[in-house]
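[1] Model the structure of this input:
(one chain, ligands or ions: 2)
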Amino acid sequence: MLKVVNLTRIFTMGLLKRRYIYAVNNVSFEIKSGEIVSLVGESGSGKTTTAKIILRLLPPTSGKVLFEGKDIWRDYKGSTLKEYYRNVQGIFQDPYASYNPLYKVRRVIYQVFNLINEDLSDEEKYRLASDALRAVGLNPEEVLDKYPHELSGGQRQRLMIARCYLLKPKLILADEPTSMIDACSRGIVIKLLNELRNEYKTSILFITHDLGLAYYISDRILIMYKGRIIETGTPDEIISHPQHEYTKALVESVPLLYKKWSDFA
Ligand SMILES: Nc1ncnc2c1ncn2[C@@H]1O[C@H](COP(=O)(O)OP(=O)(O)OP(=O)(O)O)[C@@H](O)[C@H]1O
Ligand SMILES: [Mg+2]
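    Residues are numbered from 1 along each chain as shown. Ligands and ions are numbered 1, 2, ... in the order given. As a prediction, the model looks like this:
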């Protein structure tokens with residue numbers, strides 16, 4: 001489904017642009033259909049940069065990203081770009097930055113219907129949008145006519161998840177999707193992502209600092225450190241037999257281990 005090949009992104013810094021930051025350094029991995037893969041690493045390790053490249057928000061310095069065999073930077077442009085975003089969606093760390101401040105929630109949600117390409121009546125749109133908002137714990141009457149800045153951080157994050165719930169993309173890039181929400185709503189979000197995976201074989205790249213959370217939700221974990229993927233394995237392999245020193249330190253620092261899917265009430 002998704003194949004990332006030797007991806008590198010260098011940022012240049014300083015007045016003379018002589019300082020180079022290898023934000024992402026020769027990263028390769030694959031995600032299969034219906035697989036939940038976590039990308040775990042400390043702040044600044046290159047997780048968001050990787051997600052931005054896959055979402056076509058930032059071009060890579062070198063390397064490529066293949067989605068269903070097509071190079072996302074070469075083969076999707078113009079009219080086919082819409083097809084890409086029909087299939088690949090992001091849920092971000094800072095959802096505020098990703099909304100147009102002039103669009104009300106209703107418009108943000110209804111944009112999804114343009115991607116779906118189905119003829120829907122106004123009533124059907126309203127019903128689908130309301131169902132999706134309720135599924136993520138938002139009250140449609142309360143939020144539809146608000147602007148993004150009138151919502152809380154957690155509500156904005158849930159709005160992005162409601163979009164995914166409507167669109168049912170093949171791949172979701174979830175960058176710290178639960179960073180701004182309380183434990184209870186976090187359970188709802190995690191459960192929703194799992195439901196999408198189980199019912200629609202949605203693949204998920206789940207980006208987090210939290211190895212404990214990654215352990216319980218993932219089929220596979222990628223450990224990122226200073227721009228590189230230094231270790232990969234099943235959650236049990238990573239927790240029981242960490243190879244790299246950094247991974248060992250991470251495993252030791254896991255504060256609380258979640259138990260099972262069913263613990264996310
Ligand atoms: N637009 C940019 N210009 C210059 N440097 C950047 C830019 N974006 C990211 N970086 C640098 O690239 C590195 C990786 O950043 P990135 O945001 O990918 O980290 P991250 O793993 O998502 O961290 P966090 O967990 O804090 O979100 C950091 O050193 C960051 O300062
Ligand atoms: Mg980040």
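[2] After the helix or strand hosting Ile190, which helix or strand is next? Please name it.
    Using DSSP states H and E, the element containing Ile190 is helix 183-200. Counting by DSSP H and E, the element after helix 183-200 in chain order, helix or strand, is strand 203-208.
[3] neighbouring contacts of that following strand?
    Here strand 203-208 makes contact (CB atoms under 8 Å, 6 or more residues apart in numbering) with 1-2, 31-40, 47-48, 51, 54, 93, 170-177, 193, 196-197, 214, 217-218. Heads up, the C-betas are built off the backbone N, CA and C, glycines and all.
[4] Endpoint to endpoint, stretch 64-71 covers what distance?
    Chord length of stretch 64-71, first to last residue, is 7 Å (CA to CA, to the nearest Å).
[5] show me where the chain has helices.
    47-54, 79-87, 105-116, 122-135, 140-143, 153-167, 183-200, 211-217, 235-240, 245-252 (DSSP state H).
[6] would TSV of those with distance to ligand 1 be doable?
    Below are those laid out as TSV (distance: least, CB to the nearest ligand atom, whole Å):
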stretch	distance to ligand 1
helix 47-54	3
helix 79-87	21
helix 105-116	23
helix 122-135	27
helix 140-143	27
helix 153-167	14
helix 183-200	17
helix 211-217	13
helix 235-240	18
helix 245-252	13
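[7] I'd like those laid out as TSV, including mean neighbour count, distance to Thr12 and mean pLDDT.
    Putting the helices of the chain into TSV (neighbours: other CB atoms under 10 Å; distance: least, CB to CB, whole Å; pLDDT from 0 to 100) gives the following:
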stretch	mean neighbour count	distance to Thr12	mean pLDDT
helix 47-54	24	14	96
helix 79-87	14	27	89
helix 105-116	18	34	89
helix 122-135	16	41	93
helix 140-143	16	41	95
helix 153-167	23	31	86
helix 183-200	16	36	84
helix 211-217	21	32	89
helix 235-240	16	34	93
helix 245-252	15	26	92
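[8] Could you provide those helices in CSV, with additional columns for distance to Arg19?
    Shown next, in CSV, are the helices of the chain (distance: least, CB to CB, whole Å):
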stretch, distance to Arg19
helix 47-54, 16
helix 79-87, 33
helix 105-116, 38
helix 122-135, 45
helix 140-143, 44
helix 153-167, 33
helix 183-200, 38
helix 211-217, 31
helix 235-240, 33
helix 245-252, 24
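[9] Model confidence for Asp175, exactly?
    pLDDT, Asp175: 91.
[10] what's the spacing between it and ligand 1?
    7 Å (CB to the nearest ligand atom, to the nearest Å).
[11] Just list the residues touching that residue, thanks.
    Counted by CB under 8 Å, 6+ apart, Asp175 has contacts 47-48, 51, 90-93, 207.
[12] Name the nearest of those relative to Pro60.
    Ala51 (12.2 Å; CB to CB).
[13] so that closest one touches Glu176, yeah?
    No - counting by CB atoms under 8 Å, Ala51 does not reach Glu176; the two are 9.9 Å apart.
[14] from what I can see Arg56 touches Arg74, true?
    No - between Arg56 and Arg74 there is no contact under CB under 8 Å: 11.2 Å.
[15] out of these two, which sits in the busier spot?
    The neighbour count for Arg56 versus Arg74, taken as other CB atoms under 10 Å, is higher for Arg56 (18 against 10).
[16] May I have the helix holding Ile190 as PDB, with CA atoms only?
    Output of helix 183-200 as PDB, limited to C-alpha atoms (Å, rounded to 0.1, in the frame of the first residue of the first chain):
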ATOM      1  CA  ALA A 183      -7.900  10.400  28.600                       C
ATOM      2  CA  CYS A 184     -11.500   9.700  28.100                       C
ATOM      3  CA  SER A 185     -11.700  11.300  24.700                       C
ATOM      4  CA  ARG A 186      -8.400   9.700  23.800                       C
ATOM      5  CA  GLY A 187     -10.000   6.300  24.300                       C
ATOM      6  CA  ILE A 188     -12.800   7.300  21.900                       C
ATOM      7  CA  VAL A 189     -10.200   8.400  19.300                       C
ATOM      8  CA  ILE A 190      -8.100   5.200  19.600                       C
ATOM      9  CA  LYS A 191     -11.200   3.100  19.400                       C
ATOM     10  CA  LEU A 192     -12.400   4.900  16.300                       C
ATOM     11  CA  LEU A 193      -9.100   4.400  14.500                       C
ATOM     12  CA  ASN A 194      -9.200   0.700  15.400                       C
ATOM     13  CA  GLU A 195     -12.800   0.500  14.100                       C
ATOM     14  CA  LEU A 196     -11.800   2.000  10.800                       C
ATOM     15  CA  ARG A 197      -9.000  -0.500  10.500                       C
ATOM     16  CA  ASN A 198     -11.200  -3.500  11.300                       C
ATOM     17  CA  GLU A 199     -14.200  -2.500   9.200                       C
ATOM     18  CA  TYR A 200     -12.500  -0.800   6.200                       C
END
